[in-house]
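Visitor: Give me the fold of what follows.
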Amino acid sequence: MNEWRESAVGLGLVFGTAGGIIISLLVDFPFMYGIVIGSIIGYGIGLFISIRTMKS
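Guide: Numbers count the residues shown, from 1 in each chain. A predicted model of the protein is given here:
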């Protein structure tokens, strides 16, 4: 179960970073800010999913 939690957070980071890169390219936002903001959002979502599955 612990491996699943780690992979949920990792996948959240990967998809958040990719989303941040894509949004920064589309909106003409600074590239580094898109990566950082996307990573933070992805980490938060992955952490939320892993904590939620741990409680159930």
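Visitor: Residue 14 touches residue 45, doesn't it?
Guide: No: in this structure, residue 14 is not within contact of residue 45 by CB atoms under 8 Å, at 11.5 Å. Where C-beta positions appear, they are placed from N, C-alpha and C, glycine not excepted.
Visitor: Which one's more surrounded, these two?
Guide: residue 45 (17 against 14; other CB atoms under 10 Å).
Visitor: ok, for that one, nearest residue in space, not its chain neighbours?
Guide: residue 12 (4.8 Å; CB to CB, 6 or more residues apart in numbering).
Visitor: Where does residue 51 sit: helix, strand or coil?
Guide: helix (DSSP: H, G, I helix; E, B strand; the rest coil).
Visitor: do you know how far it is from residue 40?
Guide: According to CB to CB, to the nearest Å, residue 51 and residue 40 sit 16 Å apart.
Visitor: Identify each buried residue in the strand or helix carrying residue 16, please.
Guide: Under the criterion of DSSP states H and E, residue 16 resides in helix 2-27. In terms of neighbour count (16 or more other CB atoms under 10 Å), helix 2-27 has its buried residues at 5, 8, 9, 12, 13, 15, 16, 17, 19, 20, 24.
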